[in-house]
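Visitor: what shape does this take:
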Amino acid sequence: MSDEIDQPHYTPRPVLSFVRRSGRLDARLQRAWDNFAGTYLLDINAGEGSLNVRPDFTLDKDYVRNTWGNDNPLIVEVGTGQGENIVAAAAAHPDMNFLALEVYDPGVAHTLLLAGKQNLANIRIAQVNAPELFAAAADGVIKEAWTFFPDPWPKMKHHKRRIVQPELAAQIHRALQTGGAWRIATDIEDYALHVHEVMDAREDFTNAGTITVSLPTEHVGKGNAELANDMPHADFTESERFDGRVLTNFEKKGLAAGRVIHDFTYVTR
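Guide: Below you'll find the predicted structure:
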């Protein structure tokens, strides 16, 4: 008889790029949810209240065709916030399909409201964890992925929660078609350095930028960002402002506060 004792197997919980909050909807947003969720909100969650994608779901060309009713190229925005950008893009490009990923109820409801007001047919919304959505995507099903002004998680101990990570980069690369792009924007200098560290050395993406910027080569956290000015700096390559990104209220606030916008375009090889 063996003296060995079976040890329980623990599966580490994934590090999330958001904290689940129960955002209460005002009467206007609740009406938008009631009126438009049936049209725009995808039923792909693992269960009620879950942000997981159900195990049998695959985002492939057949699903796109059945959901959007065509074979137009698909653009996925990670973290759509209030939906200003993706709804404007959908209205301007009826020959493209758009998928908004947002986890917070008020953001989802506001996106529903903006899309429903214009009766847009080429946009859908999924209230799921973005890495799970890309893990469920078929190879080459997406033309572009957009991640504009993600949560900066400014404290050093929270940097691991930033959405731009090597694991997600690999999943997005697989889901993108050849020559597809991951477009990223941030108004936080330290996050710009983080993006460069994650993306520039990858062999599966090419940094398509043409602008040279100077950034500190060390990270700073909340409360000591002013130290960055005295740190060693290096030159990095970034992109011009993406014409397809509208000037949202969030970006206006960043500019008013004197922050510099950093744009990135990484193209699949």
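
Visitor: for this protein, name the helix or strand with the lowest mean pLDDT.
Guide: In the chain, no helix or strand scores lower on mean pLDDT, DSSP states H and E than helix 249-256, which sits at a mean of 91.

Visitor: who's in contact with it?
Guide: Identification of contacts with helix 249-256 by Cβ atoms under 8 Å, 6 or more residues apart in numbering yields 81-82, 84, 149, 187, 245, 261. Where you see a C-beta, it was placed from the backbone N, CA and C, and this is true even at glycine.

Visitor: so which helix or strand takes in Ala32?
Guide: helix 27-40 (DSSP states H and E).

Visitor: which parts of that helix are buried?
Guide: By 16 or more other Cβ atoms under 10 Å, the buried positions in helix 27-40 come out as 29, 32-33, 36-37, 40.

Visitor: likewise for stretch 133-153?
Guide: 133-137, 141-150, 152-153.

Visitor: quote the end-to-end distance of it.
Guide: Stretch 133-153 has an end-to-end distance of 22 Å (Cα to Cα, to the nearest Å).

Visitor: try stretch 52-61
Guide: For stretch 52-61, the end-to-end distance is 21 Å (Cα to Cα).

Visitor: what residues does it touch?
Guide: 44-47, 71, 128-129, 132-133, 135-138, 141, 175.

Visitor: now with 10 Å, please.
Guide: For stretch 52-61, the external contacting residues (Cβ atoms under 10 Å, 6 or more residues apart in numbering) are 42-47, 63, 66-67, 71, 74, 76, 99, 126, 128-142, 175.

Visitor: who's in contact with the residue nearest in space to the middle of the chain?
Guide: Nearest to the geometric centre of the chain sits Val78, at 2.1 Å (Cα atoms, centre = their mean). Going by Cβ under 10 Å, 6+ apart, Val78 touches 17, 99-102, 130-131, 133-134, 145-148, 150, 163-164, 168, 172, 182, 184.

Visitor: then Val213?
Guide: So Val213 contacts 189, 192, 196, 233-238, 260, 262-263 (Cβ under 10 Å, 6+ apart).

Visitor: I'd like to know how far it sits from Glu84.
Guide: Applying Cβ to Cβ, to the nearest Å, the value for Val213 to Glu84 is 26 Å.

Visitor: ok, now Asn229?
Guide: In this view, Asn229 and Glu84 are 32 Å apart by Cβ to Cβ.

Visitor: looking at the two, which is more packed in?
Guide: The residue with more neighbours, out of Asn229 and Glu84, is Glu84; 19 against 10, by other Cβ atoms under 10 Å.

Visitor: okay, the more buried one: pLDDT?
Guide: Looking at Glu84, its pLDDT stands at 96.

Visitor: top strand in this protein by residue count?
Guide: strand 176-186 (DSSP state E).

Visitor: so which bits of that one are buried?
Guide: Under the neighbour-count criterion of 16+ other Cβ under 10 Å, strand 176-186 has 176, 180-186 buried.

Visitor: note down every partner strand of that strand and its orientation.
Guide: Strand 176-186 sits in its sheet next to strand 142-148 (parallel), strand 262-268 (antiparallel), going by DSSP bridges.

Visitor: mean pLDDT added to these, as CSV?
Guide: Output for those, formatted as CSV (pLDDT from 0 to 100):
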stretch, mean pLDDT
strand 142-148, 98
strand 262-268, 98
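
Visitor: between those strands, which one is nearest to Glu203?
Guide: Closest to Glu203 of the strands paired with strand 176-186 is strand 262-268 (Cβ to Cβ; 11.0 Å).

Visitor: gap between that closest one and the chain center?
Guide: 13 Å (Cα atoms, centre = their mean, to the nearest Å).
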